[in-house]
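# quick one, structure for this:
(chains A and B)
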There are 2 protein chains.
Amino acid sequence: MSSTRTNRQIVLRRRPTGMLQPADTELITTPAPEPADGEALLRVTYIGIDAAVRTWLDDKPGYLPPVGVGEVIRAAGIGEVVESRCDAYAVGDVVTTLSGFAEYVLIRDDLFSTPMPGETDQLAIMSVYGPTGATAYFGMTDIGRPQPGETVVVSAAAGATGSIAGQIAKIAGARVVGIAGGPHKCRAVVEDFGFDACIDYKAGDLPAELRQHCPNGVDVYFDNVGGPILDAVLGRLAPRARVVLCGVISGYLTGKQPGPANYVNLLAKTALMQGFNALDQWGRFDEAFAALRQWAAEGRITHRETVFDGIESCVDALNGLFTGANIGKMLVKVSEPTTM
Amino acid sequence: MSSTRTNRQIVLRRRPTGMLQPADTELITTPAPEPADGEALLRVTYIGIDAAVRTWLDDKPGYLPPVGVGEVIRAAGIGEVVESRCDAYAVGDVVTTLSGFAEYVLIRDDLFSTPMPGETDQLAIMSVYGPTGATAYFGMTDIGRPQPGETVVVSAAAGATGSIAGQIAKIAGARVVGIAGGPHKCRAVVEDFGFDACIDYKAGDLPAELRQHCPNGVDVYFDNVGGPILDAVLGRLAPRARVVLCGVISGYLTGKQPGPANYVNLLAKTALMQGFNALDQWGRFDEAFAALRQWAAEGRITHRETVFDGIESCVDALNGLFTGANIGKMLVKVSEPTTM
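Numbering: from 1, shown residues only, chains lettered A, B, ... in the order given. Now for the predicted structure:
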């Protein structure tokens, strides 16, 4: 029966330079695979388009190996089990996994595949109760540690991680200032995600805006972008500030760029800058999701998604991350979810 | 009687650019001041020549205000009380204070002036049982936290702070690699201070040397220099590395320089970079000195000094810090100590 299912997947054909070009990838169509013993077949509903996907296409060591030329492009996704020869999953289960850019994928009972029995809202899972929410939670609560009355700045504030991270800082009692590109996003950051203010970095003088919006300096900076924006915020740190390094989206396409000269402020302000990876906290994901569920139930966490349609739009969605096409989580919908 | 004492002091005449020029300072001779009620007069024996002294000559905010034009140049020193109208100090007491570039200075019972009743070795006080030793101790134990078997790298390893910091890491059971300029210093780092190895950054390819000497990466980096050396070590971090920002001597003369592009490794390696100032830990100095005394008594802490002679050599000594003229603590001896 499963042999009648066709599976469209996007494979890497050559390593991209900068944005993905048409010849870098190929959409291929094959029969969906048959699950062997210990496997289940997942019909993918949504694919998460994260900046990390782009980093996996470069031939560089990272926390996961590079995607090989000829392989399906790796990405986190969610779907529903349509066949199972595995005790861990029953048909109909909603499971998050490293689906890749694919309509169907085989899953096993492993670290990367997590059934989500208590949650039917698949968009909420992708935005909040998955690695994105966990990243915002651990970065902000473990490293940022915002205190009531402190000033917290979040870059890519309209994005998937930044929007959640800022809301967590608000819940902690901080004053939260976002940085985003363009008035449309800045409005969403304030009106939808409840930040106290949002600076449009495309509008002009970021250092001056930071002085105005952070008169007592920046106690916590949650950095998703690196580059000149990181440098500007480092120039405005308050004593004993904490800088959370979550991403370097400004550098993913261009490769190496100048470092932040204002890092010397870490010394002058006896401040801390720390990188992290939520996957290191795998054993504490339940803690993060419990907190996030509680806050969501109280109406204190809002999530939004930008959804592209169809597996064939994955590459456009990925490129769109770097042109700022998304508010909230960037997703590609590849099949209709039956739970919502 | 004190009116017969002449007091030579060096005052700032104009703000320097880069190294100090003759017209930037003036050696003036005045009668030594008379202590008022609550004051004592200290005959300065040694003046500590620290990189921080140079930073105080720029018109920039810092943890202490800039030295004003016309004021005596600020520096930490040690001396012996020769007159006292203050309950805190008796004639003959050895006291560390912010003496400035001066042969005599008035002291009060304040935070900056500390009697050293248990210690007669004034060189040891300047090198180990004062802010230099405390800086090495708190930076290494609070932030670096070296574990047995880890690899620790220390820059300016032949210098006052670096030489002590590296020895503390050795005591903690780490493998310690120094970075210093020239074969003479590198030999001192290994033979006198007991580091496992020392890289001569002037000899050639620092990244290649780091790969050779730190095959498993750098777990702790104690940075006294900033600039390209910091960038090279950031390029070699081990997972969960700790980078202790103690100084930026490469930038004190030149002002702003490019930031470390390899800061992105803090993210890739989930590592931490933290600035600190030992003065923030004032209340814990006794803890630091107790540990350092114990280790010194066990023969596990060695200190060395480079001593210039006479108040008139202070400016040469300060410039010498930036040309690498010192092994161990840079001092100017301005009068003969009676305790040794």
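# in CSV, could you pull the C-alpha coordinates for the helix or strand harbouring residue A:53?
Assigning secondary structure by DSSP states H and E places residue A:53 in helix A:51-55. Extracted in CSV, the C-alpha atoms of helix A:51-55 (Å, rounded to 0.1, in the frame of the first residue of the first chain):
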residue,chain,number,x,y,z
ALA,A,51,19.0,29.3,9.8
ALA,A,52,20.8,26.2,11.0
VAL,A,53,19.6,24.5,7.8
ARG,A,54,21.8,26.8,5.7
THR,A,55,24.9,26.2,7.9
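# so after it, what's the next helix or strand?
Next helix or strand after helix A:51-55 toward the C-terminus (DSSP H and E): strand A:77-84.
# which strands and helices sit next to the following helix or strand past that following strand?
Downstream of strand A:77-84, the next assigned helix or strand under DSSP H and E is strand A:94-97. With contacts defined as 3 or more Cβ pairs under 8 Å, 6 or more residues apart in numbering or on different chains; DSSP states H and E, strand A:94-97 has these neighbours: strand A:40-48, strand A:77-84, strand A:104-107, strand A:114-115, helix A:122-127. Glycine gets a C-beta too; all of them are placed from N, C-alpha and C.
# what do you get if the cut-off is 7 Å, keeping everything else the same?
In terms of contacts (3 or more Cβ pairs under 7 Å, 6 or more residues apart in numbering or on different chains; DSSP states H and E), strand A:94-97 is packed against strand A:77-84, strand A:104-107, strand A:114-115.
# include mean pLDDT and distance to residue B:140 when you put these into JSON lines, please.
JSON lines is the format used below for those (pLDDT from 0 to 100; distance: least, Cβ to Cβ, whole Å):
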{"stretch": "strand A:77-84", "mean pLDDT": "97", "distance to residue B:140": "45"}
{"stretch": "strand A:104-107", "mean pLDDT": "98", "distance to residue B:140": "47"}
{"stretch": "strand A:114-115", "mean pLDDT": "90", "distance to residue B:140": "41"}
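# setting aside sequence neighbours, what's the nearest residue to residue A:16?
residue A:24 (4.4 Å; Cβ to Cβ, 6 or more residues apart in numbering or on different chains).
# one step back: of all the helices and strands packed on strand A:94-97, which lies closest to chain B?
Evaluated with Cβ to the nearest Cβ, the helices and strands packed on strand A:94-97 place strand A:114-115 nearest to chain B, the distance being 21.5 Å.
# enumerate the residues of chain A near chain B.
A:62, A:226, A:231, A:245, A:248, A:251, A:256-264, A:266-277, A:280 (Cβ under 7 Å from any Cβ of the partner chain).
# from those residues, list just the buried residues.
A:226, A:231, A:245, A:248, A:251, A:259-264, A:266-277 (16 or more other Cβ atoms under 10 Å in any protein chain shown).
# run a quick neighbour tally on the closest residue to residue A:173 other than its chain neighbours.
Counting by Cβ to Cβ, 6+ apart, residue A:173 lies nearest to residue A:148, which is 3.2 Å off, once chain neighbours are set aside. Residues lying near residue A:148 (other Cβ atoms under 10 Å in any protein chain shown) number 8.
# let me know the pLDDT of residue A:148.
You'll see residue A:148 listed with a pLDDT of 98.
# what distance do you get for residue A:7 to chain B?
33 Å (Cβ to the nearest Cβ, to the nearest Å).
# you'd agree that residue is in a helix?
No - counting by DSSP: H, G, I helix; E, B strand; the rest coil, residue A:7 is not part of a helix but strand.
# tally of neighbours for it?
Neighbour number of residue A:7 under other Cβ under 10 Å is 20.
# would you mark the buried spots in stretch A:223-239?
A:223-227, A:229-238.
# wait, stretch A:309-329
A:311, A:313-315, A:317-322, A:324, A:326-329.
# out of the residues you listed, which are inside helices?
Cross-referencing the buried residues of stretch A:309-329 against helices under DSSP state H gives A:314, A:315, A:317, A:318, A:319, A:320, A:321, A:322.
# ok, and the closest non-adjacent residue to the second one?
By the measure of Cβ to Cβ, 6+ apart, the closest residue to residue A:315 outside its immediate chain neighbours is residue A:20, 5.1 Å from it.
# fine, thanks again, bye for now.
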